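Asks: Dropping a prediction and its sequence here:
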Amino acid sequence: MNLKSLQIFATIMEQGSLAKAADKHCLSESAASRQLSQLEAEVGFALFSREKRSLKPTVKGEVFYKEVRRILYGFDEIPDIIEDIKRTENAKLRVVGIPRLVRHILSPAIARTCQQDKDLRVHVDIQAMRTLEKWVAGFQFNIGLGRVPAEHPAIVTETFCSLPTVVVLPYNHPLSKRSELTLSDLDSMPMVSMIKDTLLAKDIEGLYHAEGRESDPVIEVATSYNACSIVASGYGYTIGDPLAAHSLGEKSVSIVPLKTDFMFDFAFFEPNNFELSKAAQLFKQNIKTVAAEYKLSHGF
């Protein structure tokens, strides 16, 4: 399966014409048609139905296009990735973390590390867990900060912080005066939760299953910060650790502990059998200190 045939297929889907696709990719119409036919032979199903001289996407073609577009989007980003790699060549410390650690854990620790080592050059990236593990395992970053467990076999972890499970409510909601909430207390409220394939969504679903219940989110989002922002707008509730909620600032939302023993564990992600530099070791110590200060300041 070659890249050109995928690009031609995507262009036909987007512009609705074989002729336009051929013109865009500097091919004759017959050459573009052959590329399309070869692609259909490889996938084993028709991508288009031929009606006179027009091409109409099949149901399978529509589904396939969604995946192809995602792949081609990643390919289109390669020039930016190359430039990013060039920018990080001189960095002595390369760190990647998940979004909700940025405000209260990652950023203060980076600032302290640079204050302590004036010559240090740091590159920081923020990614979802799936990307974070792959990048650390591939030695593209010295160290990652994410949630355990790690799924990649080439990753080792070291927990630096455990946080309680909380319910995030609109600011001054009547339930915010409670010292603790149960899932049944939330039955009358709409739920805002993570999309199904995230680790956080699986954890929340596990909390419901433990009580023989099913979660029924009205809104599904990609990040906990997004979920908390919707709640801050006055709608529904979300469940998670307190980091994203605190990132919104004071008097944005109310936070109440959920009655459960489940804790959110955050850890360093490091390549297996890899010796950390002095800068990375200093950074790790600052992360531990900042995390301890965060927990103390919020009574965790």
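Replies: The structure has been received and is ready for your questions. Note that the coordinates shown come from a computational prediction; the quantities given were computed from them, not determined experimentally.

Asks: What backbone torsions are found at Asp119?
Replies: With angles defined as degrees, to the nearest 10, Asp119 sits at phi -90, psi 0.

Asks: Residues contacting the longest helix seen in the chain, please?
Replies: Selection of the longest helix in the chain by residue count, based on DSSP state H, yields helix 278-297. Residues outside helix 278-297 that contact it (C-beta atoms under 8 Å, 6 or more residues apart in numbering): 92-93, 95, 104-106, 108-110, 112-113, 116-117, 120, 142-143, 145, 160-161, 163, 266, 268, 276, 300. Backbone N, C-alpha and C define where each C-beta goes, glycine included.

Asks: among those, which are in helices?
Replies: Where the contacts of helix 278-297 overlap with helices, as defined by DSSP H, the overlap consists of Pro108, Ala109, Ile110, Arg112, Thr113, Gln116.

Asks: Check those and tell me the two furthest apart.
Replies: The two members of the ones in helices among the contacts of helix 278-297 with the most space between them (C-beta to C-beta) are Pro108 and Gln116, at 12.6 Å.

Asks: Compare the two (neighbour count), which wins?
Replies: The residue with more neighbours, out of Pro108 and Gln116 and counting by other C-beta atoms under 10 Å, is Pro108; that gives 17 against 13.

Asks: before we move on, back to that, export the longest helix of the chain to CSV, keeping only CA atoms.
Replies: Extracted as CSV, the C-alpha positions of helix 278-297 are listed here (Å, rounded to 0.1, in the frame of the first residue of the first chain):
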residue,chain,number,x,y,z
LYS,A,278,22.6,15.0,36.7
ALA,A,279,20.1,17.5,35.2
ALA,A,280,17.4,14.9,35.0
GLN,A,281,18.1,13.8,38.6
LEU,A,282,17.9,17.4,39.8
PHE,A,283,14.6,17.8,37.9
LYS,A,284,13.2,14.6,39.5
GLN,A,285,14.0,15.9,43.0
ASN,A,286,12.3,19.2,42.3
ILE,A,287,9.2,17.4,41.0
LYS,A,288,9.0,15.4,44.3
THR,A,289,9.4,18.6,46.3
VAL,A,290,6.8,20.6,44.3
ALA,A,291,4.3,17.7,44.4
ALA,A,292,4.7,17.4,48.2
GLU,A,293,4.1,21.2,48.6
TYR,A,294,1.0,20.9,46.4
LYS,A,295,-0.4,18.1,48.5
LEU,A,296,0.3,20.0,51.7
SER,A,297,-1.2,23.3,50.5
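
Asks: What is the burial count for Val102?
Replies: Val102 is flanked by 18 other residues according to other C-beta under 10 Å.

Asks: and if you look at the one 10 residues further on?
Replies: Other residues near Arg112 number 17, with proximity taken as other C-beta under 10 Å.

Asks: which residues touch it?
Replies: When contacts are counted by C-beta under 8 Å, 6+ apart, Arg112 is found next to Asn286, Thr289, Val290.

Asks: Which residue ranges of the stretch 1-150 of the chain form helices?
Replies: Listed from the start of the chain, the stretch 1-150 of the chain has helices (DSSP state H, counting those that start in this stretch) covering 3-15, 18-24, 29-43, 59-76, 78-87, 107-116, 129-137.

Asks: Among those helices, which comes closest to Pro190?
Replies: Smallest distance to Pro190 across the helices of the stretch 1-150 of the chain (C-beta to C-beta): 26.3 Å, for helix 129-137.

Asks: what distance separates that closest one from the centre of its chain?
Replies: For helix 129-137, the separation from the chain centroid amounts to 11 Å (computed by C-alpha atoms, centre = their mean, to the nearest Å).

Asks: Identify each buried residue in that helix, please.
Replies: Going by neighbour count (16 or more other C-beta atoms under 10 Å), the buried part of helix 129-137 is Met129, Leu132, Glu133, Lys134, Trp135, Val136, Ala137.
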